[in-house]
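K.L.:
sequence and computational prediction follow.
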Amino acid sequence: MVTNQAYLFLIFIINGILIGLLFDFFRISRKVIKTSNFVTYVEDILFWILTGLIVLYSVFTFNNGELRVFMFLGIILGTVIYMISISSYIIKINIKIINIIKKIIKIILIPFLFVKSIVQRIFKKPITFLFINTRKIFTNFKIKIHNFLKKPKKNINIVKN
């Protein structure tokens, strides 16, 4: 009985560490990608849903759905251990990795951006010229049709002999 509870306590300490990792994932994403308040609220809701699913899965898998106070103490202890020990290192390392990946992507995109700028210089003026003139032609055509339909029809009187 005591070994089973110690085993469960250890499992819920691991759950606390997983929840800390999940929390850091959202913290890293917020530091790397600037988001609006709405997206932040959605991320918070998603975090709590995922946290609840982790806890529910563990409670039903390892303790047949029975809740014990020491389980929640294990989750809190695991989260605190994670936050004190390795959270800051994981955040720093992941932010550096993501920033390196961003720089590599920028370097890879340089030739494509160069080709894009050349294509824009070549085709921008002719395409805008075509769109402007096409719009003028259709506007004039629309005005002519409108005027034609608005003209009063002449009465034709047929004189019978």
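P.N.:
Alright, I've got the coordinates.
K.L.:
for the protein, which spans come out with low pLDDT?
P.N.:
Residue ranges of the chain with pLDDT under 70: 151-161.
K.L.:
what do you get if the cut-off is 90, keeping everything else the same?
P.N.:
For the chain, the stretches flagged by pLDDT under 90 are 1-4, 29-35, 112-161.
K.L.:
mind checking the longest helix of it?
P.N.:
helix 87-150 (DSSP state H).
K.L.:
E66 reaches S58, doesn't it?
P.N.:
No - look at E66 against S58 with CB atoms under 8 Å: they stay out of range, at 11.7 Å. All C-beta atoms are positioned from the backbone trio N, CA, C, and that covers glycine.
K.L.:
for the longest helix of the chain, name the packing helices and strands.
P.N.:
helix 2-32 (3 or more CB pairs under 8 Å, 6 or more residues apart in numbering; DSSP states H and E).
K.L.:
centre of the chain to the helix it packs on, how far?
P.N.:
The chain centre lies 24 Å from the centre of helix 2-32; the measure is CA atoms, centre = their mean, to the nearest Å.
K.L.:
distance of the most centrally placed residue in the chain relative to F148?
P.N.:
Nearest residue to the geometric centre of the chain (CA atoms, centre = their mean): V39, 7.6 Å. Note on V39: its distance to F148, by CB to CB, to the nearest Å, is 54 Å.
K.L.:
ok, S85 next?
P.N.:
S85 is 83 Å from F148, by CB to CB.
K.L.:
out of the two, which sits in the more crowded spot?
P.N.:
Just comparing S85 and F148: by other CB atoms under 10 Å the higher neighbour count belongs to S85, 12 against 8.
K.L.:
returning to what we had before: looking at E66 and S58, which one has more neighbours?
P.N.:
Between E66 and S58, S58 has the larger neighbour count (other CB under 10 Å), namely 19 against 10.
K.L.:
quick check: which element contains the more buried one?
P.N.:
helix 37-63 (DSSP states H and E).
K.L.:
and the angle from that helix to helix 2-32?
P.N.:
Interaxial angle, helix 37-63 versus helix 2-32 (axes from the mean of the first three to the mean of the last three CA atoms, to 10 degrees): 160 degrees.
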